[in-house]
Structures are given as structure tokens and as C-alpha cells.
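Q: Here you go, sequence then predicted model.
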Amino acid sequence: EITALLFAIPAIILLLFLIMRYRGWRLGFIATGQPLSASQPPLSASQPRLSASQTDVDLIGSAPLLRDAIANISDGFVLYDADNRFVMCNEKFLEIYPWCRDICVPGLPFLEMAHKGLDVGMYPQAQDDAQEWIDRRVREHFDFANTFQRQLADERWIMVRNRQTSDGGIVGIRTDITEMKNSELALLRSEEDFRQLAESSIQGILISDVDRKPIFANQRCVEILGYRDKREMLECADVLDMVAPHDQARIISNREHSLGQGQNEIGMEFDLVRKNGIRIRVSSISGNIVWRGQPCRFSAFHDVTDQKAAERLLGEAVESLSEGFALFDHDDRLTLFNQRFLELYDNSADAIQIGRKYEDMVRIAAASGQFPDAVGRVEAWVADRVAMHHAVPKVSEQKLDDGRWLRISEFATPSGGIGGLRSDITEEKRA
């Protein structure tokens, strides 16, 4: 299955919001159901900053590179909280499902989104039995082991992949596979039509027989794998030899499992080995077809090596932050936070949950005794803290129950939300 991007996305989004603070919102990411302005100017050195830490300086310097890396991500992304309510999505998700622009706001239940899709006629296959389609849609929503394909009313095909987050939420990736699907359908209609379509495709397309010997490859496939021409490539005895040894058993296992489950298509990400021995990462979809009257295997794939390198860079940048980071949306609900933020508030970690309002979060934390200043006056302290939270941009200090001190730097986002960094200044206070 195509899963690696799924695990990298949360880190990518976290860094994206940091870049938004310094460089302006230029990638169309949303957290409110409305796309953010693409014309937001980058902040100048004279504008308010979060803090004057070296981490900030380093992050600003790397922002163009990180922004370019993020731009390589072309799939739709959507996040639901542990109660199956909409939290956020990116602009690509809204391009795939344009009817969501008017309804996708934080807190919207998943079922309401599904019913709305039916109401606008987005899923023609649901016309015969809408309830059966809804029931199947719910089952697939909670199926984290498989991928699913859906045809939309405008004849596009979308691959759906969902995975569960550590806090019980669901993160989903939506990939437009119309080109791949059309290639497969063209195979069934006409070999000649298929050849023309395959040669114009930006995807590598490969067909192998039951013995795994390649019998067709388009020019893009030849280029990706580094062969001199199609003839040289089709002389290979086994397509599995083109796969990196550490991925061969997984591909065979996933294929057998998929066929056993009655699934024709398999979505995967794995390593291929070019003719010169260099290993590359590819994202692929494959399935069983009939070619020239014989059962064969069809695969369409594209090279994601550079994208994976960019994701590693993003992950390293996020982990290099020494501050805790949290982002709240325009309704003041927690949208994102990093591991350092959780560590700083370890005694009230249960209060930190995606979708929870800031006021509720600090009230729970205060009631647990995390903040000495709130003892005996929780509600009054919460009211003061919420007012301070909204008075952005602002820098304040906070004492914790274990004697540590934090510096809180909060700022407003273009979408009406509030972001902030938490820095441990205990040693500074003791000096």
C-alpha cells in the first residue's frame, strides 16, 4: 500500500504552519474550510516575531527550501479527530471534493460529509441503494489496512487511504488515480488505444505475464529504470528482479493477500533498482488484467525518490525544534501540537487533545494542579489565561507545579487562529 506519505504528513503540516508564521501562506493549506490567501506577504524583519531564539533564525533561513519540499506533495489530505469530526484538510482535498468548500468546518461529523456527497450527486454508484453505500463508506472509513477506489460523478477516480493516529483520530490521503485507471480501462478496450495512452503517460507502465516476465513497457518506464530502450528492458527474465531485495517478499505477500480478499488493485510504495544499481523509491498501483487474451499483471508507477528526501528533511527540521509548538484554529480548538509541547505539559497530557478548545484544555490542566497560580481559583485563573491567550501577539511566562518556568510566545494566524511556542526558561529564572 502507498503508506509512507501518510506517516510523514503530520510532521509536514506542523512545519507548514511554522513557515506560515514567517513567510506568509503560499501553499493553500486550510484549517477552517476556506483557503488561506495566496497573496499574504512574507513577514519582514521589523514585524512581530515569536521569539529571538536561534531555532527561529535557522527556520527562517530554511523556509524557501522547506516550502519547495512541501510543494511536491500533490495528494489530498484530511484529518478527523477521535470523535470522527472534521479537523482540517488541504487545498488539494477541496479540489478533489469541491462541494466540501462550503461545509468543511472543524467539528463537522464525518457522516454529515458523506451524506452531503450523496445529496450533491457526487457518487453515481450510490443511486441504487444510498443506505448500503453509506454503510460501506463507514466500514471503509475505519478500514486502516486497505485502500479503496471511488469513481466521482465527473468520471474521476480517487484512491482512498485512511490510517489511525495515536490519539484515535483518522488521517486520510486522497490520490487522483484517473490517469492510472483510464490506462487500465483502455487496456480492456483496445490494445492500440492503450499503447497510445501509455506512451503519453507521465507514469511508468509495465505489464508482465503469469511468470512475471515483462511483456510491455512504455517509454517512461524505460527512463525511470534506466534501460537503453524497451527491447533491452523486455529481455529481463523476472520483473521481481527490478525490485530491491528487501521489498520483494512484501510485494509477493501483499499481492497474494489482495487476491485472497478479492481485491484487484494494490497500492504500494517500495524500492526499485535501476539498471545501474541505484535504488529509487516509487509509488505504484497494480492489478490483474487480460492482455492479448492471457491473464497478466499491470503496474503503473512514478518516482517519488526526491519527494521522500524532502519529507526526511521536513521531519528533521521539526524534530530540531527545542520549543513546544501548538496551533489553535479560528474556533480556538487545538489543531496541531508537537511532541515537545506534550513533554512540557506532561502532568496534564490527558488534557491535550486535537479538537479540544483552548479554554477547556487549560481548565482541565489547571484542575489537575499543573499551574500553582490556579490553585484555589481555577475559574478566575482560566478566565485570565484565556484573555491573555487572545491578546496576541504576546509573550508571557508561566510557572508549572514541578518548579519549571515556561516562556509563551503566541501569535495570530491569517485564518484567525492562534499559534504559539513554549520554551523552558527555568535556568534563566534561577540565574
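A: Great, that's in hand.
Q: pull the longest strand from the chain.
A: Counting by DSSP state E, the longest strand found in the chain is strand 279-291.
Q: would you list every one of the helices in the stretch 51-200 of the chain?
A: 54-71, 91-96, 110-119, 130-141, 178-189, 191-200 (DSSP state H, counting those that start in this stretch).
Q: by contact count, what packs against the last one?
A: For helix 191-200, the packing partners by 3 or more CB pairs under 8 Å, 6 or more residues apart in numbering; DSSP states H and E come out as helix 178-189. Where you see a C-beta, it was placed from the backbone N, CA and C, and this is true even at glycine.
Q: pull the CA atoms of the helix it packs on into CSV?
A: What follows is helix 178-189, C-alpha atoms only, in CSV (Å, rounded to 0.1, in the frame of the first residue of the first chain):
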residue,chain,number,x,y,z
THR,A,178,-7.8,8.8,-13.0
GLU,A,179,-4.9,8.5,-15.4
MET,A,180,-3.9,5.1,-14.0
LYS,A,181,-7.5,3.9,-14.0
ASN,A,182,-8.0,5.2,-17.6
SER,A,183,-4.9,3.3,-18.6
GLU,A,184,-6.2,0.1,-17.1
LEU,A,185,-9.6,0.6,-18.7
ALA,A,186,-8.0,1.4,-22.1
LEU,A,187,-6.3,-2.0,-21.9
LEU,A,188,-9.6,-3.7,-21.8
ARG,A,189,-11.0,-1.7,-24.7
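Q: What residues sit buried inside that helix?
A: 178-184, 186-187 (16 or more other CB atoms under 10 Å).
Q: Distance from that helix to the middle of the chain?
A: Its chain's C-alpha centre and that of helix 178-189 lie 27 Å apart, by CA atoms, centre = their mean, to the nearest Å.
Q: Start and end of stretch 420-431, how far apart?
A: End-to-end distance of stretch 420-431: 25 Å, with CA to CA, to the nearest Å as the criterion.
Q: try stretch 393-408
A: 10 Å.
Q: For it, give the mean pLDDT please.
A: Taken as a whole, stretch 393-408 carries a mean pLDDT of 92.
Q: about what we covered before: name the nearest of the buried residues of helix 178-189 relative to D331.
A: T178 (34.9 Å; CB to CB).
Q: For that closest one, report the pLDDT, please.
A: For T178, the model assigns a pLDDT of 88.
Q: how about it, what does it touch?
A: Taking CB atoms under 8 Å, 6 or more residues apart in numbering as the contact definition, T178 lies against 155-157.
Q: Likewise for R363?
A: 378-379, 382.
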